[in-house]
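Visitor: I would like to see how this sequence folds:
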Amino acid sequence: MVPSVLIVDDEKHTREGLQEALQENYDVSVAASAEEGFNLMDAQEFEVIVTDLRMPGKSGLKVIDKALTLPNKPAVIMMTAYGSIDSAVEAMRRGAVDFLTKPVNIERLEILIQRALKTRTLEVEVKQLHERLDEKFNTEGIVGHSAKLKEVIERVKLVAPSKATILIEGETGTGKELIAQAIHQASPRARAPFVPVHCAALPATLLESELFGHERGAFTGATDRRIGRFEAADGGTIFLDEIGEIGPEIQVKLLRFLETKSFERVGSTKTLTVDVRLVAATNRNLQQMVTDGKFREDLFFRLNVVGITTPPLRERTDDIPVLLDFFIKQFAKENAYEAATIEPGAMRHLQHYGWPGNIRELRNFAENVVVLRRGGRVTEFDLEPKFRGEPNLPPPLHASPPVNPLSVEENEKRLLREALIKSRGNRTAAAELLGISRRTLHRKIALWPELDVVDR
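Guide: As a prediction, the model looks like this:
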């Protein structure tokens, strides 16, 4: 794409001469005054603006001020016929990336434009990177609006600016690492490394080396010095997931680090000190492990300076529709498919389901829906039996109903729902299965609207 350049100069021969000289390599527009330049800046985006300093009406300094208010700020180069150092300094102070004197040397101007384009490209890339990091890790990126989730977010915002060690407890799949990332991103360490370590995934023999590093020859296979995760996280945050899985030896070394902020690499006697904030997470009851003698009490208290508990999905059912919408759109975009739609009847079942795998299970369900439905609609009849609270398929309708304490009305409603599920919502077919008329079936559905079915 050809870079766009705006020339702002009240001298006709100057602006037209510059336009003619630059138009072979750039998309050049011209303005005869600052006001005309403002209108062009509002109408289209420019990557570089070359403006004269002194013009009737508003000066080139006002052009700089205007450029800096734009969403995608152009780089501004100032021209002046006066060669004033004071003017150049003022222009640079206001935000110009460079300046040159008149009469303009075209080769010099092209060099400055190329330099300005590179500077602007880097600034745009850095801005986009920061926006992506913020979108991924800040608390605004945590999806949901339930009261339980809001409590967690408020706690994150409260503790993030501190240096306190934090222990995040919660069931598997409840988003503990996402909370740890949010704590890091909302802290003064946000631009420093966030280093996660999944303790349960590493054998005990390798975990010490992974955390603290090792020297060459420290053990068989240690052919080179290795920097550990604590060194890599210097200035930032280290996240130890499933910390309840670490053995007694590592517990001792971790306790020492929390007390002194120092450690030794495996095979070394040299003590290293780093500035690292520790956030740990577990799906186990560490307090009970302390009671059982499986986890050091002093380490537990060092870790649990501030505790955060991530609620299971069954305790934040209000967030299920929001999470499903988020994940379905995400997977639809990744796969270039149309987003599927969850109908109200199906959504009610999903909100009553226990979700033992929590958000991880919900995420997998959303991906399955996107891949298999490809823009279709998901009804309650499309759900697996487990989502409808049915461990197995309904029994044959001609079999005698089991004896149970349900009322006659509840048993009748159950038979109606089973027939509608078996017929995938086709009322005519359901009436035939039940041996009743379609009119009777309609009357029953009107009596019990919670059946929530339509003709398919």
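
Visitor: The worst-scoring helix or strand of the chain on mean pLDDT: what's the following helix or strand?
Guide: Within the chain, no helix or strand scores below helix 106-137, which has a mean of 72 by mean pLDDT, DSSP states H and E. For helix 106-137, the succeeding helix or strand toward the C-terminus, using DSSP states H and E, is helix 147-159.

Visitor: Contacts for that next one next, please.
Guide: 139, 142, 166, 179, 182-183, 186, 306, 308-311, 315-316, 319 (C-beta atoms under 8 Å, 6 or more residues apart in numbering). C-beta: built from backbone N, CA, C; applies to glycine.

Visitor: Stretch 318-326 too?
Guide: Taking C-beta under 8 Å, 6+ apart as the rule, stretch 318-326 contacts 143-146, 149, 313, 342, 347, 350-351, 355, 359, 362, 365-366.

Visitor: Name the member of these with the most neighbours.
Guide: residue 313 (27 neighbours; other C-beta atoms under 10 Å).

Visitor: What strand or helix carries the residue nearest to that residue when sequence neighbours are not counted?
Guide: Closest residue to residue 313 apart from its sequence neighbours, by C-beta to C-beta, 6 or more residues apart in numbering: residue 355 at 4.2 Å. Under DSSP H and E, no helix or strand contains residue 355.

Visitor: was I right about residue 355 contacting residue 349?
Guide: No. Taking contacts as C-beta atoms under 8 Å, residue 355 lies outside contact range of residue 349: 11.8 Å.

Visitor: Does residue 195 belong to a helix, a strand or coil?
Guide: strand (DSSP: H, G, I helix; E, B strand; the rest coil).

Visitor: Surely it and residue 240 touch.
Guide: No. When contacts are counted by C-beta under 8 Å, residue 195 is not listed as touching residue 240 (9.6 Å).

Visitor: tell me the domain boundaries of this structure?
Guide: For the chain, automatic domain parsing gives the domain ranges 4-133, 144-311, 314-388.

Visitor: dump the residue contacts of the residue lying closest to residue 80 once chain neighbours are set aside.
Guide: Nearest residue to residue 80, sequence neighbours excluded (C-beta to C-beta, 6+ apart): residue 53, at 4.1 Å. By C-beta under 8 Å, 6+ apart, the contact set of residue 53 is 59-61, 78-80, 82, 87, 91.

Visitor: ok so, going back, out of the contacts of helix 147-159, the closest to residue 291 would be?
Guide: Residue 291 lies nearest to residue 309 out of the contacts of helix 147-159, by C-beta to C-beta, at 18.8 Å.

Visitor: From residue 170, how far off is that closest one?
Guide: From residue 309 across to residue 170, the span is 6 Å (C-beta to C-beta, to the nearest Å).

Visitor: just residue 377 next, same as before
Guide: 33 Å.

Visitor: Looking at those two, which one has more neighbours?
Guide: The neighbour count for residue 377 versus residue 170, taken as other C-beta under 10 Å, is higher for residue 170 (19 against 11).

Visitor: thinking the more buried one is in contact with residue 283, fair?
Guide: Yes. Residue 170 lies in contact with residue 283 (C-beta under 8 Å); the separation is 6.6 Å.

Visitor: out of the contacts of residue 53, which are buried?
Guide: By neighbour count, with 16 or more other C-beta atoms under 10 Å, these hold 59-61, 78-80, 87, 91 as buried.

Visitor: Strands - which of these land there?
Guide: Among these, the subset assigned to strands under DSSP state E consists of 78-80.

Visitor: could those go into JSON lines alongside distance to residue 8 and pLDDT?
Guide: Shown next, in JSON lines, are these (distance: C-beta to C-beta, whole Å; pLDDT from 0 to 100):
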{"residue": "78", "distance to residue 8": "10", "pLDDT": "91"}
{"residue": "79", "distance to residue 8": "9", "pLDDT": "89"}
{"residue": "80", "distance to residue 8": "13", "pLDDT": "84"}
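
Visitor: what's the closest of those to residue 295?
Guide: residue 78 (65.4 Å).

Visitor: okay but that closest one is in contact with residue 101, surely?
Guide: No. Using C-beta under 8 Å, residue 78 makes no contact with residue 101, being 9.8 Å away.

Visitor: Could you give the number of residues near residue 57?
Guide: Residue 57: 10 neighbours (other C-beta under 10 Å).

Visitor: Doesn't it lie inside a strand?
Guide: No. If the criterion is three-state DSSP, then residue 57 is coil and not within a strand.
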